[in-house]
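Student: need coordinates for the below:
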Amino acid sequence: MSRSAKTSGTLKHLSPELLEPNPENPRIVFRQEEMESLMISIDNFGIQVPLTVYIDNGRYFLLDGERRWRCAKKLNLETVPALVQPKPSEFDNLVLMYNIHALREQWDYYTIASKLERVISLFEEEHDRHPTEIDLSELTGLSRGAIRRCYLLIDLPNEFKVQILEELNLPKSQQKLSEDFFIEMERSLKTVCARLPQYSGSVGEIREVLIQKFKDKIIPAVTDFRQLSKMATAIEGLKIPETHVVSALDRIFTSNTYSIKKGFDEAVSFEYEEKKVSRYAFSLIEFFEDIEPKGNLSHIDKDLISALKQLHRQLGAFLSEKGQA
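Tutor: The predicted structure is shown next:
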């Protein structure tokens with residue numbers, strides 16, 4: 001099912017005082033520096049794109065353009081251009097706003113997630129089933145990847161949602177425990193718990209440890225969390241003993257100075273490098289098998305020939321040392 005965003009309507013010039021925020025608007029964060037930049041633009045050039053509103057019992061509610069409306073009020077503009085549409089259903093109201101912003105700008109993921117639960121609930125009422133990722137993508141214009149990220153935020157305990165909201169009100173450069181932090185952490189913990197269920201009962205305590213380690217810069221980057229997922233999947237994928245991985249994870253999940261990178265390096269890094277080298281080796285084999293005619297290297301780049309000779313010497317020395325020459 002697909003619903004396109006409607007932008008047609010009757011153009012009117014309305015006093016900003018007559019307009020009210022949309023009660024269903026997912027957007028809840030309006031950063032000061034962004035608002036100031038927009039206000040300067042409106043002060044210099046006016047409102048170039050009309051707001052979109054609907055009428056309900058004689059009152060005008062915003063469908064699109066709350067930032068422009070807020071700026072207009074601060075600038076004491078007498079009127080703003082507005083396209084007036086009939087009142088939509090709650091479901092169409094939400095879907096319309098998602099599609100408008102999917103075409104124009106990316107909302108914060110917390111903003112998207114805050115109303116996605118309601119979209120899911122209304123879809124279930126209308127269709128008598130839970131929406132798939134494809135359903136939600138077609139309805140909202142969001143990618144399936146964005147929807148999965150939203151699910152990770154939706155499932156967070158409320159205390160962490162409050163932290164995210166506090167961070168979102170800060171300028172981007174000042175945000176520390178950002179949406180990206182929680183998304184990366186939750187995705188990695190989900191993978192760990194799926195492969196190692198013994199950690200499921202202590203996820204709350206693990207979160208607290210990881211958050212503190214991130215604040216203390218023991219975990220220096222949010223992308224480090226991806227190594228937790230690789231550690232958990234290495235048990236089956238690389239046949240690494242579970243006890244070896246669990247030992248490293250236990251240290252990572254405990255209050256100390258042991259980092260994710262340290263645990264990854266000690267537990268699984270070498271095996272991942274081995275797998276990478278193995279792929280390179282098979283690629284080289286395929287490369288030589290494709291050379292025609294066999295044994296004719298006259299058309300091969302001289303730098304490549306030199307590199308291959310060096311590789312041959314190093315391989316010979318390595319295999320000789322291991323007794324496999």
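
Student: compute the first-to-last residue distance for stretch 168-183.
Tutor: 14 Å (Cα to Cα, to the nearest Å).

Student: same deal with stretch 194-206?
Tutor: End-to-end distance (Cα to Cα), stretch 194-206: 15 Å.

Student: how distant is it from the center of its chain?
Tutor: Offset of stretch 194-206 from its chain centre (Cα atoms, centre = their mean, to the nearest Å): 22 Å.

Student: could you pull up the mean pLDDT of it?
Tutor: Stretch 194-206 carries an average pLDDT of 96.

Student: which parts of it are buried?
Tutor: 195-196, 199, 203, 206 (16 or more other Cβ atoms under 10 Å). To be clear about C-beta, it is placed using only N, CA and C from the backbone, and glycine gets the same treatment.

Student: got the contact list for that stretch?
Tutor: 157, 189, 192-193, 232-233, 235-236, 242, 245-246, 249, 253 (Cβ atoms under 8 Å, 6 or more residues apart in numbering).

Student: returning to what we had before: for residue 62, state which of the buried residues of stretch 194-206 is nearest.
Tutor: residue 203 (39.2 Å; Cβ to Cβ).

Student: give me the neighbour count for the nearest residue to residue 266 once chain neighbours are set aside.
Tutor: With sequence-adjacent residues excluded and distances taken as Cβ to Cβ, 6 or more residues apart in numbering, residue 266 is closest to residue 248, at 5.9 Å. Counted with other Cβ atoms under 10 Å, the neighbours of residue 248 add up to 20.

Student: what do you get for the one 10 residues further on?
Tutor: The local packing of residue 258 (other Cβ under 10 Å) involves 17 other residues.

Student: run through the residues that contact it.
Tutor: Counting by Cβ under 8 Å, 6+ apart, residue 258 has contacts 218, 251-252.

Student: check which helix or strand covers it.
Tutor: Assessed by DSSP states H and E, residue 258 sits outside every helix and strand.

Student: and the one 4 residues further on, by the same measure?
Tutor: With elements delineated by DSSP H and E, residue 262 resides in helix 260-264, which encompasses its position.

Student: quick check on residue 10: phi, psi?
Tutor: phi -90, psi 120 (degrees, to the nearest 10).

Student: enumerate every residue touching the residue nearest to it when sequence neighbours are not counted.
Tutor: Nearest non-adjacent residue to residue 10, counting by Cβ to Cβ, 6+ apart: residue 84, 4.7 Å away. Shown in contact with residue 84 (Cβ under 8 Å, 6+ apart): 9-12, 53-55, 60.

Student: go again with 7 Å.
Tutor: 9-10, 12, 53, 55 (Cβ atoms under 7 Å, 6 or more residues apart in numbering).

Student: could you say which helix or strand contains the spatially most central residue of the chain?
Tutor: The centre of the chain sits closest to residue 149, judged by Cα atoms, centre = their mean, with a distance of 5.1 Å. Using DSSP H and E, residue 149 maps to helix 144-154.

Student: which other residues reach that helix?
Tutor: Contacts for helix 144-154 (Cβ under 7 Å, 6+ apart): 109-110, 112-113, 116-117, 133, 136-137, 179, 182-183, 186-187.

Student: same check, this time on stretch 48-66
Tutor: In contact with stretch 48-66 (Cβ under 7 Å, 6+ apart) are residues 7, 9, 11, 14, 18-22, 25, 27, 68-69, 80-88, 96-97, 100.

Student: among those, name the buried ones.
Tutor: Buried among those (16+ other Cβ under 10 Å): 7, 9, 14, 19, 22, 25, 27, 68-69, 80-85, 88, 96-97, 100.
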